[in-house]
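[1] quick one, fold the following:
(chains A, B and C)
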Amino acid sequence: MTELSDTILLAHGGGGRLMSDLISKTIGPRVYSSAPALTDAAEISVDDCRILFTTDSFVVQPLFFPGGDIGKLAVCGTVNDLAVSGAEPLALSLALIIEEGFPTADLERILDSIGKTAHRAHVAIATGDTKVVEKGAADGIFINTAGIGRKKLAASLGFHRIEPGDAVLINGTLGDHGMTIMSRRQELALQSPLQSDCASLNELIALLLEELSDQVKFMRDPTRGGLAAVTNEIVQACGCGIELIEDALPVDPAVRAAADILGFDILNIANEGKFIAVVSPEAQDAALEIMRKHPLGLKSAFIGQIGPKQPHSLVELTTRIGGQRIVQMPYGRELPRIC
Amino acid sequence: MRLDVIQSARSDMEQACAAIGRLVQVMEVCGTHTVALFRHGIRSMLPANLKLLSGPGCPVCVTDQGYIDTVIDLARRPDCLIATYGDMIRVPGRNTSLERLTLPNVRVVLSSDDAVALARKHPDKTVVFIAVGFETTTPATAVAIRQAQELGLKNFTVLCGHKRVLPAMHALLSGRNDKIDAFLCPGHVSVILGSRAYESVVDNFNRPCVVAGFEAEQILMGLAKICRQIADNRPAVDSVYSLAVRPEGNPVAVGIIDQVFETCDGPWRGLGCIPDGALRMREQYTDFDAQKRFGIEQFPTEEPGGCECGKVLCGLVEPSQCGLFGKKCTPDHPVGPCMVSTEGACAAWYKYQR
Amino acid sequence: MCLAIPARIVEITGDRAVADAMGNRWAIRTTLTPEVKLGDIVLVHAGYAITKVEEEEARQTWELFAQIAEMEAEQNQAKGAEQ
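    Below is the predicted model of the structure:
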C-alpha cells in the first residue's frame, strides 16, 4: 500500500507504521534467510541449549535525563528484550560510536551507569567495540548493545498462544519515558517533574514466570510507538482483537498534562521500564499480585482483554464515558501540535 | 467525571430526537471537536437519527495547496529559516512535504514568540513564520508582528494563511449545504470571538448555534441543547462552556487582530474562495509580509483529482464514501486536505472508526 | 481546531509568565489577557493565555483540575496525619 519515500524519514525509526513497512518490505527480503518472527529476540538452538539473541541501538537526546541516561537505557533495553522473550539475560556486548570532541567526563558518567545497571541486572558486559567519528558524523554518542540469554524452561511464550478471553496486564504507568525525553528537548522548553521509567525488568519477569509458568502467554515491552504499537502488533500477529479499557490505563497526571500541552496521544508514547503481559484469565489475579509486590510493578493493572479471532481484528478502546473507538498503529513520529 | 451529567444529556438527546422524528444533521465546525468526538467514542452513543457532520474546522486542512507549495519553495531557500507549528510538517503540497524534504532550516515552534526569538538568534537568515489557524491562533501572530516592529527586526516575516470561521459557516448555509440543521460551535475560537458572534447565523439562517468545550460531558450537553432547540423550533445561541467563553469574547485579542490584519476574500482548500474568509496584513505591517518580501504573486491552487474533500468539508458525504478513502488516500499518503492533519475529518475517521 | 490547556500562572513579569500544569512549567505570554495575576488559572493556546478562568468552575469542568484538587486534598490529609 505504501511506497518507500526517496529518503529515510525520522518516522521510519519511530516504531510505527513506517518502520514496520521498512522492516517487512525493504530490510526483510534483502537480509533475512527466512521470514523474521517479529519478536524482540530470536531463538537459536545450539546443540541442546536454547539461546535467545537480540540487539538494539540507542540514539537518545538528551543523553542524560531524569531517571536515567543513554547508558542505563542501552543495558535495560536489551535486557528487557531478552526478558520479555522468556530468557534469563546472560551477557551483553557494548559498541560505542563517539563523536570527536565528546567530553570525557560525560563518557565516564555513561560508562559508570552502564556498569551499575548491568551489575544490578546480573548481566555481564562480555565484549565491546569503540569507534570515534569526525565531529558532525554522530550526535555525541551512539550505543549498540547485543545480548544473549538462556531460555527459561518454564516459559512458553508466543503469539500463537494468545486466545480470546486472555487478560492484558501492564506493570505500571504509561508514557513516562517518552514524555520525560520530549519535555527535556531544548526546543520545547518545558520544565517538568517527570522521570523516565527506564529499568531492567528481568527480575520481575522471572518472578512471574517462576510462579505462573505457561499461564503467561506473551510479553512485550512497549517502547517506541507505545502501547498503541504493541497492541496492534499483537493483533496483526495473532488475529485476535484487543479490547482496552481507558479508565484502567495507569497514567501519571503530570505525564498526561505534559502530553496535553504538546498535543500527544499517551498511547503512542514510549516506555522503557514497562511490559505488557498476556495471561490466561485464571492467572490474572495471581499475576497482578506478584507484579504489585515488586518495586517495578506497584501500579500494575489489568488494562484489557483479548477479543475474538476474526478477519480484520482491531485494537479497540472503551472510553471513560463508555464509548468505543479504534486504536491505530501510530505513524512513527509525534510532533507538537496546536490543533 | 460526572456520569449523571452524561446520562441526563443522553436521555435529553433521545427524547428530543424522538420528538423531532426525522434525520437531524449537526455540524461540528471544529477539528478538535471532531477528534474529541472520536476519542471519547461519542458517535457510538448518539440517537439513531442524530448525525454529526465534520465541518471545515481544521486550519491545516483548509489551507490551500498553493500555500503549502509556497512554504516548501521558501524552505528550499538557504537564506530562509522556516518556523512552523508541528501541525504543518507532514502536510503535502503537490510533490512533497516539509517532512519529506528533510531540510535543516525548518524549525518546529510551539508559539509565534519562539519564531521571533529565532529571528533574533539568526540575524543572517530571514525567518518565515508559517501562520495558519483561526481566530484562536491569529492574535498570537499579530502580537509577534507588532513585537517584530517594535524591535525593528528586519529578518522576521509572516506567511499569512489565517482564516475566519464565521464567513465559512455563512458560506456553508448559503448554498453549499442547506441540510445542516445546527452548529456545534468551536470552544476556543469562541473564547476570542465570544458566543454572541454566532447571533448572525441564528438571525440569518434560523439555525441553533451552541458553543461547547472539549470534555465529553460538555460535548454531550451541547448536543442535547441543540436537539432540544430543534425539537422546540427555537433556534438560539447558547453555550455550555461559560467557564472560558464569554458572550463578548476576548476584546483585547480581537482588538490586536484588527490592529494588524484586515479581512479579505480567500481560498479555503476544498471549499473554494470564501468572501471575507481570510485575513491579510494591514498596510503598515507589509514589511513583515513574506508574500511581499519574496515577491510571491499569489498562491496558485490546484485540487487533487478524485478527491471528495470539498463535499466532506460541507458535510455532503462522509469520508468513507470517497473512492480514495483508505485506499489511495491514507494518513501516511494523504491525497486530500481532510486526511493531512490529525484533526481532519478523514484522518480522524481513518484513525478512530475505520 | 485549537488545542488549549488550562494552567496556573506561577510567575509573571509584564506580559511574560510561567504557566504550570501538574508541575509542568513553560513560558507563556499574557499579552491577550492583561488582567491576569499571579495564581490565576488561564487557558493557554500556542504559548498565549487566551482567557482567564475561575478556579472553582475549572475544577468542575476539567478532569485535570479535578485531579489537582484530589492531589492537593491527599497532600493536606497526609500533612494532617503527620501533625
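
[2] can I get the CA coordinates of the longest strand along chain C in PDB?
    In chain C, with assignment by DSSP state E, the single longest strand is strand C:5-13. This file holds the C-alpha atoms of strand C:5-13, laid out as PDB (Å, rounded to 0.1, in the frame of the first residue of the first chain):
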ATOM      1  CA  ILE C   5      -4.700  23.700  28.100                       C
ATOM      2  CA  PRO C   6      -5.600  25.100  31.500                       C
ATOM      3  CA  ALA C   7      -2.700  26.100  33.600                       C
ATOM      4  CA  ARG C   8      -1.800  28.200  36.600                       C
ATOM      5  CA  ILE C   9       0.300  31.400  36.400                       C
ATOM      6  CA  VAL C  10       3.200  30.800  38.800                       C
ATOM      7  CA  GLU C  11       5.500  33.700  37.700                       C
ATOM      8  CA  ILE C  12       4.600  36.900  35.900                       C
ATOM      9  CA  THR C  13       6.600  39.900  34.800                       C
END
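
[3] what pairs with that strand, parallel or antiparallel?
    strand C:16-21 (antiparallel), strand C:41-45 (antiparallel) (DSSP bridges).

[4] in JSON lines: these, plus mean pLDDT and mean neighbour count.
    Heads up, the C-betas are built off the backbone N, CA and C, glycines and all. JSON lines is the format used below for the strands paired with strand C:5-13 (pLDDT from 0 to 100; neighbours: other Cβ atoms under 10 Å in any protein chain shown):
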{"stretch": "strand C:16-21", "mean pLDDT": "96", "mean neighbour count": "21"}
{"stretch": "strand C:41-45", "mean pLDDT": "95", "mean neighbour count": "26"}
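
[5] closest to B:P331 out of those?
    strand C:41-45 (24.1 Å; Cβ to Cβ).

[6] now do the closest one: distance to the chain's middle.
    7 Å (Cα atoms, centre = their mean, to the nearest Å).

[7] any idea how many residues pack against C:A66?
    15 (other Cβ atoms under 10 Å in any protein chain shown).

[8] helix, strand, or coil at it?
    helix (DSSP: H, G, I helix; E, B strand; the rest coil).

[9] looking at the nearest residue to B:N204 once chain neighbours are set aside now. What's its pLDDT?
    Leaving aside its sequence neighbours, B:N204 sits nearest to B:H170 (Cβ to Cβ, 6 or more residues apart in numbering or on different chains; 7.2 Å). pLDDT, B:H170: 95.

[10] what does the one 3 residues further on give?
    Listed pLDDT for B:L173 reads 93.

[11] show me the contacts for it.
    B:180, B:201, B:204-205, B:207 (Cβ atoms under 8 Å, 6 or more residues apart in numbering or on different chains).

[12] what about stretch B:40-49, near chain A?
    Yes: residues of stretch B:40-49 contacting chain A under Cβ under 8 Å from any Cβ of the partner chain: B:40-45.

[13] what's the closest of the strands paired with strand C:5-13 to B:T63?
    Closest among the strands paired with strand C:5-13, using Cβ to Cβ: strand C:41-45, at 17.9 Å.

[14] and that closest one, C-alpha only, in PDB?
    Provided in PDB are the C-alpha atoms of strand C:41-45 (Å, rounded to 0.1, in the frame of the first residue of the first chain):
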ATOM      1  CA  ILE C  41      -5.800  30.000  36.100                       C
ATOM      2  CA  VAL C  42      -5.700  30.600  32.300                       C
ATOM      3  CA  LEU C  43      -6.300  28.700  29.200                       C
ATOM      4  CA  VAL C  44      -3.200  28.500  27.100                       C
ATOM      5  CA  HIS C  45      -3.100  28.100  23.300                       C
END
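
[15] and the helix or strand just after it, how far out from the chain middle?
    Per DSSP states H and E, the first helix or strand lying C-terminal to strand C:41-45 is strand C:48-53. Mean C-alpha position of strand C:48-53 versus that of the full chain (Cα atoms, centre = their mean) differs by 10 Å.

[16] before we move on, the earlier item: just the residues of stretch B:40-49 next to chain A that are near chain C?
    Within the residues of stretch B:40-49 next to chain A, nothing lies near chain C by Cβ under 8 Å from any Cβ.

[17] show me which pair in the contacts of B:L173 is furthest apart.
    So, the contacts of B:L173 by Cβ to Cβ: farthest apart are B:I180 and B:N204, at 13.2 Å.

[18] so between those two, which is more surrounded?
    B:I180 (21 against 11).

[19] nearest to B:Q25, of the residues of stretch B:40-49 next to chain A?
    B:R43 (13.5 Å).

[20] does the closest one sit in a helix, a strand or a coil?
    helix.

[21] how near is A:A42 to B:V71?
    44 Å (Cβ to Cβ, to the nearest Å).

[22] so for the two, which sits in the more crowded spot?
    B:V71 (26 against 14).

[23] double-check that that one belongs to a helix.
    Yes: under three-state DSSP, B:V71 falls within a helix.

[24] test my guess that it contacts B:C80.
    No: assessed by Cβ atoms under 8 Å, B:V71 is found out of contact with B:C80, at 10.0 Å.
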